[in-house]
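Asker: starting from these lines, generate the structure:
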Amino acid sequence: IPLGVFAAAMSMFGGFPVGITDVIIQGRFSMFLVAPIMGTGLLIYMLMPKTTKMIEEWQNKNLG
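Answerer: This is a model prediction of the structure:
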């Protein structure tokens, strides 16, 4: 989970500024916005309590 949170945060911190800058400069939708939007959605999904529990159960099942 910490690796996923870090990856989502890096995608948001790096992607939103580039995507918004492209939208302002070019005046059209930027493909640079897709990754941070998906990263934000995945971060919210990963931080939900049931998702965290499901991932931990899956890890314990595979290890034991």
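
Asker: what bits of the protein have low per-residue confidence?
Answerer: Along the chain, segments meeting pLDDT under 70 span 1, 64.

Asker: recalculate using a threshold of 80.
Answerer: For the chain, residues meeting the criterion pLDDT under 80 lie at 1-2, 62-64.

Asker: so how far is residue 53 from the residue nearest in space to the middle of the chain?
Answerer: Residue closest to the mean C-alpha point of the chain, counted by CA atoms, centre = their mean, is residue 39 at 1.9 Å. Here residue 39 is placed at a distance of 22 Å from residue 53 (CB to CB, to the nearest Å). C-betas here are computed from N, CA, C, even on glycine.

Asker: repeat that for residue 44.
Answerer: To residue 53, residue 44 is 16 Å away according to CB to CB.

Asker: swap in residue 8?
Answerer: 19 Å.

Asker: between these two, which is the more surrounded one?
Answerer: For residue 8 versus residue 53, neighbours defined as other CB atoms under 10 Å are more numerous around residue 8 (22 against 10).
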